[in-house]
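Engineer: got a predicted model here, sequence first, then my questions.
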Amino acid sequence: MSNLDEVDNFTNDSAMMIAFERSLESKRPDSLFRDPLASSLAGTKGAKLSENFEAMCAVFEFPEWPEFHKQWTAVRTRFIDDRIEEHAPSFTQLVNLGAGMDTRPHRMTAYRLFTNGSYEVDMEVVQKGKVKIFSDLVSVPTAHCEVKNIDLDFLDADKSLATELGGCGFDASAPSLFISEGLIMYLGAAGKVKLLADLSAAAACGSVLVLQYMDASRSKNNGEEARANALSEEEARKELGERGWGDFKFYAYGDEALNFGRFPNEKFGPSAAFSFCVCKKTS
């Protein structure tokens, strides 16, 4: 792959780690999903980053479970897949915030229902990396809807999500399905509030948000940095509720609906550090 070294230099390494872990899941006979592009998108860093994450077992209170993050990647991917399958019939457009190396438009037939497209939003350097890898692949499955890549630094105070979407054909009057996977925990205290404000301003009434986040409020390892990057259930209800969202449903890794048989409940209780909020724009 001629462009691989250049792609490996982009800053958002976590996108490659997650792609690598999706590739591992795809090879299992009992896989929760199949992602034929994941191994290519993992670059040369994905495997090493995943291996090094095993050192975080104690930090996330999963002692003696080195596979915890690989299983979390599989579980969170399947959970989002299921929410897309569930809600796709109600929407004509999807917005993927912090899209990273996601390949859902190419592997999920539910995307055929997004007749106004899938808007993949991320930093320019990440988008360029993904495009370069795709350009080197011999064969890429045709996307099931139009994919519109939007370059946006979510911390840029001079740009808004609504404006960037509007410049690419997004219908601001139509309710949309919003997905945010592995993003908000990297934005810091001010950045996470800005993200929730920006997506709320772009979301018409009736929109649905699937938000993956980290909740440090119930962890023993909840230092100042962890609290700044995390989002508690209480914060989510407050920040989103004030911006017109309701019908909240919360899930923690290990709950029955966020498990898929991959969480050792006999050893660990559900972990709020790996959580989802699903809600609807009601006003």
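Structural biologist: Structure's in. What do you need? Residues are numbered from 1 along each chain as shown.

Engineer: now for the closest residue to Leu97 other than its chain neighbours, how many residues are close by?
Structural biologist: Of all residues not flanking Leu97 in the chain, Ser180 sits nearest, at 4.3 Å (Cβ to Cβ, 6 or more residues apart in numbering). (Each C-beta comes from the backbone N, C-alpha and C, glycine too.) Ser180 has 24 neighbouring residues, counting by other Cβ atoms under 10 Å.

Engineer: end to end on stretch 35-50, go ahead and measure it.
Structural biologist: With Cα to Cα, to the nearest Å as the measure, stretch 35-50 spans 17 Å from end to end.

Engineer: who's in contact with it?
Structural biologist: With contact meaning Cβ atoms under 8 Å, 6 or more residues apart in numbering, stretch 35-50 is reached by 1, 4-5, 7-8, 13-17, 19-26, 69-70, 77, 101, 103, 106-107, 130, 133, 137, 140-141.

Engineer: buried sites along that stretch?
Structural biologist: Buried residues in stretch 35-50, defined by neighbour count with 16 or more other Cβ atoms under 10 Å: 35, 37-43, 45-47, 49-50.

Engineer: output the host helix or strand of Phe250 as PDB, nothing but the C-alphas.
Structural biologist: Counting by DSSP states H and E, the element that carries Phe250 is strand 245-253. Provided in PDB are the C-alpha atoms of strand 245-253 (Å, rounded to 0.1, in the frame of the first residue of the first chain):
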ATOM      1  CA  TRP A 245     -33.700  16.100  23.900                       C
ATOM      2  CA  GLY A 246     -35.800  13.600  25.900                       C
ATOM      3  CA  ASP A 247     -36.800   9.900  25.900                       C
ATOM      4  CA  PHE A 248     -33.400   9.100  27.400                       C
ATOM      5  CA  LYS A 249     -32.100   5.500  27.600                       C
ATOM      6  CA  PHE A 250     -28.800   4.800  29.200                       C
ATOM      7  CA  TYR A 251     -26.700   1.600  28.900                       C
ATOM      8  CA  ALA A 252     -23.400   0.500  30.600                       C
ATOM      9  CA  TYR A 253     -21.000  -2.100  29.300                       C
END
